[in-house]
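Colleague: coords please:
(one chain, ligands or ions: 1)
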Amino acid sequence: MIHSDDAAKQVWDLLVAALAVLNGILIPLYVVYPAATGFLPVFSLIAACFFALDIALEFITAYPLGGVVVSDRKAIARRYLRGNFATDAAAAFPGLFLYSAGVFSGGYFVPLLLLPLLKLFKLGTTLRRIGEARVNPAIFRLGMLVFWILMAAHIIACVWILVSGNPEGLAPIDRYIKSFYWTMTTLTTIGYGDITPKGSGQTLFVIVIEMFGAAMYGLVIGNIAGLIANIDVAKSQYREKLDRINAFLKYRNIPDALRRKINDYYSYLWATRKGYNEIEFLHDLPVALKESVALHLNKEIIERVPLFEKAEPSLIRDIILQLEPAVFTPGDYIVRAGELGRDMFFISKGSVDVISADEKVTYATLTTGQFFGEISLLLSLPRNATIKASSFCDLYRLDKEHFDIVIERYPDFKESIRVLAAKRREETESRRK
Ligand code: CMP
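Modeller: The predicted model follows:
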């Protein structure tokens with residue numbers, strides 16, 4: 001049994017996709033210029049063999065469903081037979097028969113020769129699955145849109161050669177370029193009018209292509225604006241949010257200095273986390289996933305805080321889900337002396353000053369990896385100092401309720417905090433006298 005996410009299966013899928021694209025380019029050319037593309041029957045026979053093998057592989061490829069991998073043969077077969085089997089079989093077997101029997105003289109068999117093109121319809125799904133995590137989805141969709149336009153133009157250009165013949169007696173390559181040029185001007189609704197249909201058959205064909213072109217043009221214009229705006233979703237959402245905030249600040253006549261501070265805060269959020277809100281993101285996830293993602297997101301803070309270095313893994317897991325990120329801008333008061341303590345903070349990035357209530361004495365400066373706010377939680381006392389951010393600060397907040405649960409469960413952890421808290425308190429008291 002193989003898995004659809006196996007590297008080897010993905011390489012195989014890419015190979016089959018490449019053969020489908022080459023077929024898509026070569027078969028219409030073969031129908032128009034069989035002599036110039038005499039190698040096609042052999043090529044298409046090889047491609048048909050690959051397509052047939054691909055069908056066999058589909059029957060032994062496990063697929064993911066709702067978080068589990070389905071590897072039951074019957075379920076796989078049922079799913080495939082109901083899904084892509086019909087088109088895959090149509091793309092592989094008639095080609096296999098026709099090309100190996102040497103029936104490639106066009107005419108009656110032309111529609112059958114075109115059957116391998118059906119394999120192209122799977123291209124988007126295959127590439128999307130392989131490129132999902134690697135390529136920006138908007139760029140991917142834009143790429144697919146361009147691919148389909150070019151593919152449609154190629155096929156139409158070949159049909160136009162069949163319909164309009166070669167009145168100027170051009171060489172195949174020149175005739176193809178001219179026909180492709182006509183297709184593009186018609187599809188894009190530019191229509192210079194330098195190449196016009198002769199006779200009813202050609203005119204009817206042009207009418208159909210014009211209708212197709214108008215619809216395609218609308219589709220392209222409608223899609224492209226959205227796709228380009230979505231290439232950097234985070235940035236466009238951030239810009240939109242900032243515009244809305246600034247409009248509000250202006251409407252409510254917020255002073256310039258405050259307005260600048262708010263803008264600085266958002267630029268910091270953008271620079272450090274592309275404007276994403278971790279809490280909102282985690283909120284939507286189920287508990288098990290939330291824990292894994294939180295462990296990954298908060299890995300840095302766990303590595304930076306020496307207090308966690310020797311902590312048991314279960315303590316880290318208990319704390320990690322309760323840590324809430326909080327950002328402060330330079331000069332912000334994080335804790336005020338005399339207040340009731342409701343949470344303690346770990347510094348992930350930045351620095352804070354520990355100062356007296358009148359702000360005349362600086363007791364200490366705390367930076368990355370250190371914590372504060374533990375004294376009032378531990379001893380149920382009012383805050384013994386004021387804490388002011390001296391730069392942009394990325395902090396993680398742990399509230400009293402969870403702090404109490406954690407120190408109750410992990411006495412060693414409580415002891416490490418208690419020792420440091422006593423030392424700090426003593427130091428501050430002595431300097432206050
Ligand atoms: P808490 O009293 O809850 O709020 C103020 C915090 O400042 C306090 O907890 C300590 O975490 C911190 N703090 C107080 N004094 C010092 C000091 N001398 N050195 C470092 N941090 C201190």
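Colleague: quick one: low-confidence parts of this protein?
Modeller: In the prediction, the chain carries residues with pLDDT under 70 at positions 102-109.
Colleague: For it, what lies in contact range of the ligand?
Modeller: Taking C-beta under 6 Å from any ligand atom as the contact definition, the chain meets the ligand at 335, 341, 354, 363-364, 372-376, 383-385, 387, 424, 427-428. Any C-beta I mention is one placed from the backbone N, CA and C, and that applies to glycine too.
Colleague: same thing but at 5 Å, please
Modeller: Counting by C-beta under 5 Å from any ligand atom, the residues of the chain lying close to the ligand are 335, 341, 354, 363-364, 372-373, 375-376, 383-385, 424, 427-428.
Colleague: Which one (most neighbours) among those residues?
Modeller: Among the residues of the chain next to the ligand, the one with the most neighbours (other C-beta atoms under 10 Å) is Ala385, at 26 neighbours.
Colleague: separation between that residue and Phe392?
Modeller: To Phe392, Ala385 is 21 Å away according to C-beta to C-beta, to the nearest Å.
Colleague: go on, Asp6?
Modeller: Relative to Phe392, Asp6 is positioned 45 Å away (criterion: C-beta to C-beta).
Colleague: and what of Lys290?
Modeller: Counting by C-beta to C-beta, the separation of Lys290 from Phe392 is 27 Å.
Colleague: Comparing the two, which residue is more hemmed in?
Modeller: The residue with more neighbours, out of Lys290 and Phe392, is Phe392; 20 against 16, by other C-beta under 10 Å.
Colleague: Please name the nearest non-neighbouring residue to the more buried one.
Modeller: The spatial neighbour of Phe392 that comes closest, neighbours along the chain excluded (C-beta to C-beta, 6 or more residues apart in numbering), is Tyr268 at 4.9 Å.
Colleague: Tell me which stretches of the chain form strands.
Modeller: Secondary structure of the chain by DSSP state E: the strands cover 2-3, 61-65, 68-70, 324-328, 333-335, 343-349, 351-355, 362-367, 371-372, 386-389, 393-399.
Colleague: could you redo those strands as TSV and give each row distance to Val42?
Modeller: Written out in TSV, the entries for those read as follows (distance: least, C-beta to C-beta, whole Å):
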stretch	distance to Val42
strand 2-3	29
strand 61-65	28
strand 68-70	38
strand 324-328	62
strand 333-335	74
strand 343-349	63
strand 351-355	71
strand 362-367	70
strand 371-372	72
strand 386-389	72
strand 393-399	63
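Colleague: of all of the stretch 101-250 of the chain, which residue lies closest to the ligand?
Modeller: Ile245 (31.4 Å; C-beta to the nearest ligand atom).
Colleague: I figured Tyr266 hits Ile245, correct?
Modeller: Yes - taking contacts as C-beta atoms under 8 Å, Tyr266 lies within contact range of Ile245: 7.1 Å.
Colleague: Walk me through the domains of the protein.
Modeller: Domain assignment of the chain by automatic domain parsing yields the ranges 1-134, 234-276, 286-432.
Colleague: Nearest to Met211, out of those?
Modeller: Ranking those by their distance to Met211 (criterion: C-beta to C-beta) puts domain 1-134 first, at 20.6 Å.
Colleague: how far does the closest one stretch from start to finish?
Modeller: One end of domain 1-134 to the other measures 26 Å (C-alpha to C-alpha, to the nearest Å).
Colleague: Any idea how far stretch 231-247 is from the middle of the chain?
Modeller: What separates the centre of stretch 231-247 from the centre of its chain is 18 Å, taken as C-alpha atoms, centre = their mean, to the nearest Å.
Colleague: Please list the residues outside that stretch that contact it.
Modeller: Applying C-beta atoms under 8 Å, 6 or more residues apart in numbering, the external contacts of stretch 231-247 come out as 136, 138-139, 142, 229-230, 259, 262-263, 266, 270, 274-276.
Colleague: Mind checking which of the residues you listed are buried?
Modeller: For the contacts of stretch 231-247, burial is judged from neighbour counts taken by 16 or more other C-beta atoms under 10 Å, and it is met by 138, 142, 230, 262, 270, 275.
Colleague: Among those residues, which pair sits farthest apart?
Modeller: The span of these, defined through C-beta to C-beta, is set by Leu142 and Ile262 at 34.6 Å.
Colleague: Which residues are in contact with the residue nearest to Ala385 when sequence neighbours are not counted?
Modeller: Nearest-residue entry for Ala385: Val354, 4.9 Å, with adjacent residues in sequence omitted and distances by C-beta to C-beta, 6+ apart. For Val354, the contacting residues are 362-366, 372, 385-387, 428, taking C-beta under 8 Å, 6+ apart as the criterion.
Colleague: switch to 10 Å and redo it
Modeller: Residues near Val354 by C-beta atoms under 10 Å, 6 or more residues apart in numbering: 335, 337, 361-366, 372, 384-388, 424, 427-428.
Colleague: what do you get for Leu26?
Modeller: By C-beta under 10 Å, 6+ apart, the contact set of Leu26 is 37, 39-40, 43-44, 47, 116.
Colleague: what separates the longest helix along the chain from the chain centre, distance-wise?
Modeller: Secondary structure assigned by DSSP state H gives helix 199-230 as the longest helix of the chain. Taking C-alpha atoms, centre = their mean, the mean C-alpha location of helix 199-230 is offset from the chain mean by 29 Å.
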